[in-house]
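Trainee: Pasting the sequence and the predicted model now:
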Amino acid sequence: MDLAPCTRPAPRPPGPAARRAPVRTTALLLTLLTPLTPPAITLLAPPAHAAPPALTAPPAHAASAAPAAPPTAAAPPVASAPPVPSAPPVAPASAGTLPSPDPAGLRAVLDAAVGRGAPGATARIDDRGTVTEVTVGLADRRTGRVLDGRDRFRIGSVTKTFSAVVLMQLADEGRLDLDAPVNRYLPGLLPDDAITVRHVLGHRSGLYDYADRLFARTVPGFEAVRTRVFTYRELVDLSLRHPRLNRPGAAYSYANTNFVVAGMLIERLTGHPVGAELRERVFRPLRLRDTFYVHPGTAIPGRHARGYLTPDRPGDALVDATEQTVSWAQSAGAVVSSTRDVGTFLSALLSGRLTSPARLREMRRTVRVSDTQGYGLGLRRRDLPCGVSVYGHTGAVQGYYTYAFATKDGRRSLTAFATTSNNGPVLDALVGTLDSAFCGKPPPRRTGGPGTRPAPPDVVRPPDVVGPTAS
């Protein structure tokens, strides 16, 4: 689901000793220590995994005989919706023209997230072989283990970008027409043949987001589905019980339902489970060793950060939400990864290593969501205050918030996460990682004197971020 703002008072932060961890920078970057220790410069070799191999041929099963889509019947003529205006063009920025990242600003943002109630928070910037990593707080409240930048976590709706890539590859292979009705491939699934694959990938189908009803009450809603296993069809049926929000193509309206349909398309067209397609088409070619599609299992494999759900009622204890099926999201939100792997994926995608140039342009072609955001096909665009536009996705699943974005050319990426959800103040803080990663140090603020304007707020709430669904 997308991230959901909330106005709950911030819980008391843990003590400094539990929260502080050094900024770790690989390759020509200094390591910032805590304020009690003088800064030291550490030169390290770039990590071996920094440059995964270029993709070559598609996976072996991608070209194997898959169940053929049902014969194409001529769809009845449908009155098309008026075109949705594209988001205004923004001058592209490459990593070479950006200011240097601001590690101190990044730490300040993560400190703020922990101070507002997240047990821990991590951010990693990959910039052409140079890695900046900051961790604050705890990975496990019970044991007191400090968060580590290598810890795995649930990435929530960043999963949607992975699922979109698989469908774009199928389009490149001639097995999927983005402008065909979904019902051509999944006969009778949706009540309207006017809903196309493109509408689904761009959240313009008008389908209701079933997660809004599932999680109207945060903790009870979560506990009701924590170990439940849904079929895709059950989730779509939950959505279809509600009126559609708009005509197909008429407007952007975020709904996890869209990417449940995307998962059904992947499985129908390939004859393989979503997890298998993700593994063979993305995880293995990019050597994403920390990345898994975890469903219907409940455990995160290997070393990981535990995630904590913030209850609706102020003062109630955090709920450890780490173990869950995430079956309510599946292809919309069930991937587990690490900051390193997510950055590798975004860089590969935006540099053109996962799809054809034409399909990548379609993913990046956005419609307006707000004054500072647009949405393409499984890919968000955010326009930052310094004039830079970045592409990626946000994620919210019970226990975790994620921001994952990169420059248009993929040469600089940021992945940041906090180990809580349903906490608006933490979400407000975490978005500030984008400015530190892509805009660098803010200019000195002028104080006093005639004509001095008030400084803009350090953190701006993202207007489109919604609920406990996979964002």
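Mentor: It's in.
Trainee: Tell me if I'm right that Thr310 and Gly424 touch.
Mentor: No: with contact defined as C-beta atoms under 8 Å, Thr310 and Gly424 do not form a contacting pair (9.2 Å). All C-beta atoms are positioned from the backbone trio N, CA, C, and that covers glycine.
Trainee: who has more neighbours, those two?
Mentor: Neighbours per residue, other C-beta atoms under 10 Å: of Thr310 and Gly424, the larger number sits with Thr310, 29 against 19.
Trainee: Let me see the confidence value for the more buried one.
Mentor: Each residue has a pLDDT score; the one for Thr310 is 98.
Trainee: and what of Trp328?
Mentor: Per-residue confidence (pLDDT) for Trp328: 98.
Trainee: Tell me, how many residues neighbour it?
Mentor: By the measure other C-beta under 10 Å, the count of residues near Trp328 is 32.
Trainee: now Gly156
Mentor: By the criterion of other C-beta under 10 Å, Gly156 has 34 neighbours.
Trainee: close enough to count as contact, Gln324 and Arg226?
Mentor: Yes: counting by C-beta under 8 Å, Gln324 does reach Arg226; the two are 4.8 Å apart.
Trainee: Show me which of those two is the more surrounded one.
Mentor: Summary of the neighbour comparison: Gln324 and Arg226, criterion other C-beta under 10 Å, with Gln324 having more neighbours (26 against 17).
Trainee: so which helix or strand takes in the more buried one?
Mentor: Gln324 is part of no helix or strand when elements are defined by DSSP states H and E.
Trainee: which ones are touching it?
Mentor: Shown in contact with Gln324 (C-beta atoms under 8 Å, 6 or more residues apart in numbering): 222, 225-227, 298, 398.
Trainee: again, only this time at 10 Å
Mentor: Contact criterion C-beta atoms under 10 Å, 6 or more residues apart in numbering gives 154, 222-223, 225-228, 294, 297-300, 307, 309, 334, 397-399 as the residues in contact with Gln324.
Trainee: quick one: pLDDT of the most centrally placed residue in the chain?
Mentor: Centroid check for the chain by C-alpha atoms, centre = their mean gives Val158 as the closest residue, at 2.6 Å. If you check Val158, the pLDDT there is 98.
Trainee: This protein: helices as residue ranges?
Mentor: Per DSSP state H, the chain has helices spanning 16-19, 103-115, 159-172, 182-185, 197-201, 210-214, 218-225, 232-240, 256-270, 274-278, 339-350, 357-364, 424-430, 432-438. These are given in chain order.
Trainee: if I look at Gly156, how far off is Arg365?
Mentor: When distances are taken as C-beta to C-beta, to the nearest Å, Gly156 and Arg365 turn out to be 24 Å apart.
Trainee: By mean pLDDT, point me to the weakest helix or strand of this protein.
Mentor: Evaluated with mean pLDDT, DSSP states H and E, the helix-and-strand set of the chain has its lowest mean pLDDT in helix 16-19, which scores a mean of 42.
Trainee: so Ala262 makes contact with Val197?
Mentor: Yes: using C-beta atoms under 10 Å, Ala262 and Val197 qualify as a contacting pair, with a distance of 8.2 Å.
Trainee: Mutual contacts of those two, please.
Mentor: For the pair Ala262 and Val197, residues contacting each of them under the criterion C-beta under 10 Å, 6+ apart are 167, 182, 377.
Trainee: Let me see the contact set for the nearest residue to His304 once chain neighbours are set aside.
Mentor: Nearest in space to His304, with sequence neighbours left out and distances taken as C-beta to C-beta, 6 or more residues apart in numbering, is Arg152 at 4.1 Å. Residues in contact with Arg152, defined by C-beta under 10 Å, 6+ apart, are 290-292, 294, 300-305, 336-339, 341.
Trainee: try 6 Å
Mentor: Contact analysis of Arg152 by C-beta atoms under 6 Å, 6 or more residues apart in numbering lists 290, 300, 302, 304, 336, 338.
Trainee: Same list (these) but as JSON lines, adding neighbour count and distance to Ala437.
Mentor: Shown next, in JSON lines, are those (neighbours: other C-beta atoms under 10 Å; distance: C-beta to C-beta, whole Å):
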{"residue": "Asp290", "neighbour count": "22", "distance to Ala437": "20"}
{"residue": "Ile300", "neighbour count": "20", "distance to Ala437": "25"}
{"residue": "Gly302", "neighbour count": "13", "distance to Ala437": "26"}
{"residue": "His304", "neighbour count": "20", "distance to Ala437": "23"}
{"residue": "Val336", "neighbour count": "25", "distance to Ala437": "23"}
{"residue": "Ser338", "neighbour count": "27", "distance to Ala437": "17"}
